[in-house]
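S.K.: I would like the atomic coordinates for the input below:
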Amino acid sequence: MKLSDMQLFRGLKENEIASLLSCLNSVKHNYKKGEVILSEGSITENIGIVLSGMAMISCNDIWGNTGILGNVAPGSVFAEVYACIPGQPMLVTVSAVEDTSVLFMNVGRVLTVCTNACPFHTSLARNLLTVCAHKNLQLSQRIQHTSSKSIRGRLMSYFSECAKCAGSNFFLIPYNRQQLADYLNVDRSTMCNELSKMQKDGIIEYEKNRILLKD
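M.R.: Next comes the predicted model:
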């Protein structure tokens, strides 16, 4: 995926992005599957951009229960809220679901006027605001999916959104069974039983993370 195709760099050409990244002293890091990228309680001044692979955002309560808040696909950013609030400890953990490459940029350099009078900072700051608004929308969607009292209602709400985004009744979800249960805040075994019932009732067909909503 080219940087110019990413939402954060929308409207910028590849050579402009290269100049901007040099100005921002950006650094790239590679992470192995399962490796923690940013841990809960840590403080960061950097925005992370997934270049390849997949990252997962999760949180743990004091009893060790894990909740999945979402995934970060190539081209998406993470930790932007924490980077914009100086000294704010992370309330979540970001980890690599698979081998993942991440580009980090210092938010202070993004939001302040460049000493070299770089003309691209305004575009980048505007795009960052758009990214933050999009993240807020995703959080609202998760609240919507978990508002139903029934597991079937939560599954259908999430599957409906996936189908709309895919433009098809057939789509792939980015979660395994445990991750999907954590995302919807339900018990895994109960959710799996409900999926089986939904397939038996002719509502869906599924195999692993492939879902087909039946008419």
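S.K.: for this protein, what's the longest helix?
M.R.: Looking across the chain with DSSP state H, the single longest helix is helix 121-145.
S.K.: output the contacting helices and strands for that helix.
M.R.: strand 66-72, helix 80-84, helix 107-111, helix 151-166, helix 177-184 (3 or more CB pairs under 8 Å, 6 or more residues apart in numbering; DSSP states H and E). Using the backbone N, CA and C atoms, a C-beta is placed for each residue, glycine as well.
S.K.: change it to 10 Å
M.R.: With contacts defined as 3 or more CB pairs under 10 Å, 6 or more residues apart in numbering; DSSP states H and E, helix 121-145 has these neighbours: helix 14-23, strand 46-52, strand 66-72, strand 77-78, helix 80-84, helix 107-111, helix 151-166, helix 177-184.
S.K.: got CSV for those, with mean pLDDT too?
M.R.: Output for the helices and strands packed on helix 121-145, formatted as CSV (pLDDT from 0 to 100):
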stretch, mean pLDDT
helix 14-23, 84
strand 46-52, 95
strand 66-72, 83
strand 77-78, 94
helix 80-84, 90
helix 107-111, 77
helix 151-166, 95
helix 177-184, 90
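S.K.: least confident secondary structure element in the protein?
M.R.: helix 107-111 (a mean of 77; mean pLDDT, DSSP states H and E).
S.K.: now do the buried residues in that one.
M.R.: 107, 109-110 (16 or more other CB atoms under 10 Å).
S.K.: and if you look at stretch 125-135?
M.R.: Buried-residue list, stretch 125-135, by 16+ other CB under 10 Å: 127-128, 131, 135.
S.K.: and if you look at stretch 70-87?
M.R.: 70-72, 74-84.
S.K.: show me the shaky parts of the chain.
M.R.: Within the chain, the ranges that satisfy pLDDT under 70 run 113-119.
S.K.: any idea how far residue 197 lies from residue 207?
M.R.: 16 Å (CB to CB, to the nearest Å).
S.K.: tell me which of the two has more neighbours.
M.R.: Counted by other CB atoms under 10 Å, residue 197 and residue 207 do not tie: residue 197 has more neighbours, with 13 against 8.
S.K.: can you give me the distance of that one to residue 33?
M.R.: 33 Å.
S.K.: gap between the most centrally placed residue in the chain and residue 143?
M.R.: Centroid-nearest residue in the chain, with CA atoms, centre = their mean: residue 72, separated by 2.9 Å. Using CB to CB, residue 72 is found at 19 Å from residue 143.
S.K.: ok, now residue 176?
M.R.: In terms of CB to CB, residue 176 sits 22 Å off from residue 143.
S.K.: just residue 191 next, same as before
M.R.: 18 Å.
S.K.: what does residue 180 give?
M.R.: 16 Å.
S.K.: more neighbours: which of those two?
M.R.: Counted by other CB under 10 Å, residue 180 and residue 143 do not tie: residue 180 has more neighbours, with 21 against 9.
S.K.: show me the contacts for that one.
M.R.: 68, 154-155, 158, 173-174, 186, 188, 191-192, 195, 209 (CB atoms under 10 Å, 6 or more residues apart in numbering).
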